[in-house]
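**Student:** This is a predicted model, with the sequence first.
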Amino acid sequence: PHRHHPHAFTTSTPPHHSNKAEMAAIMRSATATRVTLSAPKASKGAFMGNAHAIRASCKAMNSRAVRLTTTMASNSEVSGSYASALLDMAKETGALEAIHADMDALETICTEDLTTFLSNSTVPNDKKTAMLTQIAKEGQFAAATSNFLALLVDKQRIDLLSEIIEEFDSLYCEVTDTQVATVTSAVQLENEQQFLIAKKLQEMTGAKNIKLKPQVDAALIGGFVVTYGANGSQQIDMSVAGQLEKVAASMGVPMSAVSA
């Protein structure tokens, strides 16, 4: 499970009490059967099923690889330029949603092994292209996405794939009025719970769309924490750990005194 480090419980605009009450009710709304979230495209099921094989192939090839060292400052500028160009092309061709779905899928398999493989200058471009072609085929990516990946290989910029995906997602959220929120819970939330949280956030923020990024942190003991806004500036803490911290603070005692 991924460990998320939420900001302190400070919000520039604290949610109304009724909002927190509704958030609390969400935790009691789950059905008995757990639901797995669908992939952006139905066809990506087979793609994700083969992700382990792709990672294993990358790892085997990386055993003979040498990492490249790049300059972070210049990489950020280059990543932003490529992401912006991809966004413009996606809007002009009416393929914004399809390409965004492809970028989301790519993000799920951009592991350290794959990134190292793509960044390795000793690996011929045709092998990198072959790997990306396999990924695109399994995921049934749009032709524009496949062409973009081929361009990155040709321009010796494929090592920036993870950064480009991140920049593209930020730009996408801006143009589509999408509010990104991280939901950290003690246990994996069910599909219905995530939907209700997203719906409530949409009402609170007025955003046209909500993109939830679920994470699990057992240290919360129970409940969940929602972080959203510019740079995660706002937070709704409905976790057991958060409530215990408040109790400890009000009593002026260490957290361990109330959690023991």
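**Tutor:** Perfect, thanks for sending it.
**Student:** so what's the backbone phi/psi at residue 185?
**Tutor:** phi -130, psi 160 (degrees, to the nearest 10).
**Student:** What is the burial count for it?
**Tutor:** Residue 185: 24 surrounding residues under other Cβ atoms under 10 Å. Backbone N, C-alpha and C define where each C-beta goes, glycine included.
**Student:** Which stretches in the stretch 151-260 of the chain count as strands?
**Tutor:** With DSSP state E, counting those that start in this stretch as the criterion, the stretch 151-260 of the chain has strands at 178-185, 209-216, 224-228, 234-237.
**Student:** Specify the helix with the largest residue count in the protein.
**Tutor:** The longest helix of the chain (DSSP state H) is helix 72-92.
**Student:** on that earlier part again, need the strands of the stretch 151-260 of the chain in TSV (columns: mean pLDDT and distance to residue 130).
**Tutor:** Conversion of the strands of the stretch 151-260 of the chain to TSV gives the following (pLDDT from 0 to 100; distance: least, Cβ to Cβ, whole Å):
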stretch	mean pLDDT	distance to residue 130
strand 178-185	92	34
strand 209-216	92	31
strand 224-228	92	40
strand 234-237	90	44
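**Student:** Of these, flag the one that's most buried.
**Tutor:** Among the strands of the stretch 151-260 of the chain, ranked by average contacts under mean count of other Cβ atoms under 10 Å, first place goes to strand 224-228 (a mean of 24).
**Student:** If you count contacts, what does that strand end up packed against?
**Tutor:** Applying 3 or more Cβ pairs under 8 Å, 6 or more residues apart in numbering; DSSP states H and E, one finds that strand 224-228 contacts strand 178-185, helix 191-205, strand 234-237.
**Student:** Identify the neighbouring strands of it in the sheet and state each direction.
**Tutor:** Using DSSP bridges, strand 224-228 pairs in its sheet with strand 178-185 (antiparallel), strand 234-237 (antiparallel).
**Student:** circling back: buried ones in the longest helix of the chain, by neighbour count?
**Tutor:** 78-80, 82-83, 86-87, 90 (16 or more other Cβ atoms under 10 Å).
**Student:** Same question for stretch 97-107.
**Tutor:** When burial is assessed from 16+ other Cβ under 10 Å, stretch 97-107 yields the following buried residues: 98-106.
**Student:** cool, stretch 165-172 as well?
**Tutor:** For stretch 165-172, by 16+ other Cβ under 10 Å, it's 165-169, 171-172.
**Student:** Could you export the residues you listed as CSV, including pLDDT and distance to residue 251?
**Tutor:** What follows is the buried residues of stretch 165-172, written out as CSV (pLDDT from 0 to 100; distance: Cβ to Cβ, whole Å):
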residue, pLDDT, distance to residue 251
165, 95, 46
166, 93, 42
167, 95, 46
168, 96, 47
169, 94, 42
171, 95, 46
172, 95, 46
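**Student:** Return the residues in contact with residue 153.
**Tutor:** 125, 128-129, 132 (Cβ atoms under 8 Å, 6 or more residues apart in numbering).
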